[in-house]
Each structure stands twice: as C-alpha cells, then as structure tokens.
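# Predicted structure and sequence below. I'll ask about it afterward.
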Amino acid sequence: MKTGGKKRKARRHHHVKKILLACVVFAFALASVAPVFRKHEQRARLDATHPHRLSSDYDASAIQTTMSKTTRTTKEEEKKKKKEDSDDARGTGGRAFACPDIREHCEYDGAVVLDGVAAGPTKSIADCCEKCSTTSGCNVYVFCDESWCKGQCWLKRIESPDVETPKLRNGAREGDLNVPWTSGMLMKDYAKAEKTRDGTKKTLKEHVSITTPVGSFTIRLKPEWHRKSVEYLTDLAETENACQGTSCKLYRVEPGFLVQGVLRSFVVRANKETFQFQKLMEYGDVGWAGGSAGPDFFVYLGEKPATWLKFDHTIWGTVEDPKSLEVLEKIVKMDSHTPGGPNTMRFLREEMPIRVV
C-alpha cells in the first residue's frame, strides 16, 4: 500500500511540471508576438484616419468598379481634350476670332499675301487662321503639318466671295487623302465694290506718280493702249490706303532691261483683263509682267525695242520725263543679287515699298 501511494504521488508531480513548463513556453511566445500585434493595431488606427482609405466592408468587386470608373473618366477626358483641340481649330474653343470654314485634304489657291517662308511656321491650323486674321489682305489660309512641310502656313486672298471662290490648286479634288493641306477662309479684307457713275465712263487720271524711298517717277497713263489697266491705276491713286504694308513694292532689277514691282491692293478691285496689241515695248514703257493682268508690273529700260518680248505684254503707260527716268536708272543700279545663281533673275537685296499718288 505504501509503495502504490508513492508512485501515484510521483505521477502527479510529473504532470504538474509538464503544465508549468507549457505555461512558461506560452508566456515566452506571447511576449515575442506582442510587438507585432501592437504594430498592426497602430497601422489600423492610422488607416482608420487616412482620407483615401477604403471602407471596411470593401471587396474585389468594389475595387474593380473603382478601376472601371477611373478608366472611363480618363477616356472621357481624352475625348474632351480632342474636342477642345478641334474647337480651337474651328475657332469655337474660346478664341477671339472665328475660323468657320476649315476643309481638310484641301489646298486653296489665291493671290499670295505671305508665302510659307515669310509667314513662318505654325503649330496648327488654328494658329495659321489666327495669323491670317491679323494680316492685312489675308482671307484665305493654307496649312500643312506633314514632316516635309514643317508646319507651313500660306496666307492668300481672293477679292470678293460674291464673284470669286477659292479654287483648288493643280486640279486636285477636295477630300483627296493625298493632299496634305488644310484650308480655310475668313470673311475679311475683300475689295470694295466699284462705284457706279450713273452709267457714265469713269474719269481717268492722265498721270500717276510712284513714290519710293529714293525719289518718285511719273507714269503717263495711256487708256488708248488699255483702258481697264488705267482705270485700276486711277483707283489706286484716288483710294485712301490703297497700298498697305508691302502690298506695293519694287523687288527686281535688271540693268539695261527693267525695274519690276507689284501694285497689289486689298481694297481696290484688281484688273482682270489683258490686251496684246501690235506695239513693241520701248524705253520707259510700263506694262504688266509675265503676260498677266497684274498686279506685277515692270518699266522697260532697254535701249532698243524689246523684239524678243513680241506682243505678249499688256502695256498701259510710259515714263517720259528725264527726272523720272533718272530715278529709275538709280534704282536699277542699287544693291542686288541673284539668289538662284549666275544667269538667273536679279533681285534687290532690300525690297522697296512704293505708293501710287
């Protein structure tokens, strides 16, 4: 009996030791993980106060919905941006001017006011339109943003939308995808309608004077040679600001041959007629250049009649007085160059503005 009691008592002590050992191990384990629980608790508190936290009951579908909304918002913003760019190009995006008549894959023709080099490159059709809106005489603009044309903007004009519309260059068709140009029109700077004189013929001037920075020369007008051209010169002389900026200028000289310039007006209707009658040009005669109806003109300064020109030019005046001829001979000898190389046309290094009075 005594031996059995001792054995039972030994087993109880052994179980107590195991329990105490397990408690010690658990206490050590709890002490090691407590900092981790505290860190997560602090993070949870921070997340609870974060302004961009998700709600505690979010799930995967909520995240997907949020991402879809974000993607849709981005696409809508891109679409809105493209529309704003298009509106700017058409003058409806808050610009101070309107560009209502923009045609893509279309190259309008017209009298050149400023070519692509003189006008300078632009970033968009809207910028080209704006440049036309602030350039005297421009009512047609043509823009190209291909790599080879580098944002060229050509400023042109037609005289009246009632009797003339811009034609397409080189017989191209509007909308032809091979045409890289975009064109437009502005309703401004059209030539004034001719004044009626109760059916009577217009009173013509006998002489006009061309003023230059180095002196003036007088042209005796010859309506018997071509009346319509003389009517145009009369209107230039009698209309205020008929020449604006460099619309009238001298630009080419050829010693022993000619002084050439342009008489373009943005307010006077241009001459549209040519007339080749049986007269060779002689020293001092004035006519339209290139067999055209103007506005480029030249004064012939050759010693002998211009037989090689035949009867191809419309002649409408002559310079006769010695003082005027002296001014022309002075101009023809001014500083000039041949940018195209030897035996090509000679141009003044500095173009000379002129006025008709």
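Nice, thanks for sending it over. Numbering: from 1, shown residues only.
# would C132 count as being in a strand?
No - C132 sits outside any strand when classified using DSSP: H, G, I helix; E, B strand; the rest coil, being helix.
# Pull the contacting residues for it.
When contacts are counted by C-beta atoms under 8 Å, 6 or more residues apart in numbering, C132 is found next to 138-141, 155, 184, 186. For the C-beta atoms, the positions are set from N, CA and C on the backbone; glycine is no exception.
# With P223 instead?
Residues in contact with P223 (C-beta under 8 Å, 6+ apart) are 204, 230, 316.
# same deal with K167?
K167 neighbours (C-beta under 8 Å, 6+ apart): 108-109.
# how close does it sit to L186?
17 Å (C-beta to C-beta, to the nearest Å).
# so where do the strands sit in the stretch 101-250 of the chain?
Remark: strands assigned in the stretch 101-250 of the chain by DSSP state E, counting those that start in this stretch are 103-104, 111-114, 140-144, 152-157, 181-185, 207-212, 215-221, 248-254.
# closest to Q278 out of these?
Nearest to Q278 among the strands of the stretch 101-250 of the chain is strand 215-221; the distance by C-beta to C-beta comes to 19.9 Å.
# Looking at the closest one now, give me its mean pLDDT.
Per-residue pLDDT over strand 215-221 has a mean of 97.
# buried ones in that strand?
Buried positions in strand 215-221, judged by neighbour count with 16 or more other C-beta atoms under 10 Å: 217-219, 221.
# what residue ranges in the stretch 1-150 of the chain score low on pLDDT?
Applying pLDDT under 70 to the stretch 1-150 of the chain picks out residues 1-14, 16, 24-98, 100.
# let's see it at 80
Residues of the stretch 1-150 of the chain meeting the criterion pLDDT under 80: 1-101.
# One more: the stretch 151-300 of the chain?
For the stretch 151-300 of the chain, the ranges with pLDDT under 80 are 159-176, 190-202, 277-278.
# what ranges do the helices span in it?
Using DSSP state H, counting those that start in this stretch, the helices of the stretch 151-300 of the chain run over 227-238.
# what number of residues lie near L236?
Using other C-beta atoms under 10 Å, the number of residues around L236 comes to 23.
# Quick check: it touching A242?
Yes - if you go by C-beta atoms under 8 Å, L236 and A242 touch, sitting 4.6 Å apart.
# show me the contacts for T338.
When the contact criterion is C-beta under 8 Å, 6+ apart, the partners of T338 are 344-347.
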